[in-house]
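S.K.: Dropping the sequence and predicted coords here.
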Amino acid sequence: MKNLSRVAFLLLIMLGSFTLSAQTEAKLGHINTNELLRLMPGREQAQAELERYAQDLENNFVAMQQEFQTKYQEFIENQETFSQLVRQSKERELQSLQERIMEFQESAQQDIMDQEARLLNPIIEQARNAIEKVGRDNGFTYIFDTSGGSLLFWERGENIMPLVRAELGL
């Protein structure tokens, strides 16, 4: 029984030594992904397309608001001359237009997010794949993203931006 305890104890010590040596051999890297994404081909074009799309939606939104303002102003100016039936009809029309404006605004926000994902996700995926390939090819254990501000200190580590730029041909 004592021999079994001794063997188990020696195995634990050996396993602990192996774990510590494996941890000290970790190869660390870091990259600022925001900087990388600014350098990515196609990003400026995607951003310009997204801005055009958002501007088109904004123009439609403004036109709807102007239509509402015009009809509302007309209603205010002429409501005394309207019959009860016409006044109620105009009020329902204004309420309906206001609801459509609110629905349009909500849908437009979702559409912009969907369009942004459609345009930028392929670029982000390409950058992520390049980072992973550089990590595998160069034996990195961990690669930290310094753009998020969550990594506050590292004593050793390699900036892999030049390697990723080379991988992407930038």
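M.R.: On my side now, so go ahead. The structure displayed is predicted, hence computed values, not measured ones.

S.K.: going forward, measure contacts between C-alpha atoms and count neighbours the same way
M.R.: Fine.

S.K.: can you list the residues that contact stretch 69-82?
M.R.: Arg87, Lys90, Leu94 (Cα atoms under 8 Å, 6 or more residues apart in numbering).

S.K.: Quick one: residues contacting His30.
M.R.: Ile143, Phe144, Asp145, Thr146, Gly157, Glu158, Asn159, Ile160, Met161.

S.K.: Pull out the buried positions in stretch 122-140.
M.R.: Judged by neighbour count (16 or more other Cα atoms under 10 Å), stretch 122-140 contains these buried residues: Ile123, Ile124, Ala127, Ala130, Ile131, Val134, Gly135, Phe140.

S.K.: Could you do stretch 41-52 as well?
M.R.: Buried, per 16+ other Cα under 10 Å, within stretch 41-52: Arg43, Ala46, Leu50.

S.K.: Give me the contacts around that stretch.
M.R.: Residues outside stretch 41-52 that contact it (Cα under 8 Å, 6+ apart) are Leu37, Arg38, Ile112, Gln115, Glu116, Leu119, Leu120, Ile123.

S.K.: rerun at 6 Å
M.R.: Leu119 (Cα atoms under 6 Å, 6 or more residues apart in numbering).

S.K.: next one: that stretch to chain centre, how far?
M.R.: Here stretch 41-52 is found 15 Å from its chain centre; the criterion is Cα atoms, centre = their mean, to the nearest Å.

S.K.: next one: stretch 79-92
M.R.: The mean C-alpha position of stretch 79-92 is separated from the chain mean by 48 Å, Cα atoms, centre = their mean.

S.K.: Let's verify the residue nearest the centre of the chain: helix, strand, or coil?
M.R.: Among the residues of the chain, the one closest to the centroid is Ala117, at 7.6 Å (Cα atoms, centre = their mean). Put simply, Ala117 is helix when judged by DSSP: H, G, I helix; E, B strand; the rest coil.

S.K.: how close does it sit to Gln47?
M.R.: 11 Å (Cα to Cα, to the nearest Å).

S.K.: which among the contacts of stretch 69-82 gets closest to Phe61?
M.R.: Leu94 (15.5 Å; Cα to Cα).

S.K.: quick one, phi/psi of that closest one?
M.R.: Main-chain dihedrals, Leu94, degrees, to the nearest 10: phi -60, psi -40.

S.K.: Next one: it from Phe75, what distance?
M.R.: According to Cα to Cα, Leu94 and Phe75 sit 9 Å apart.
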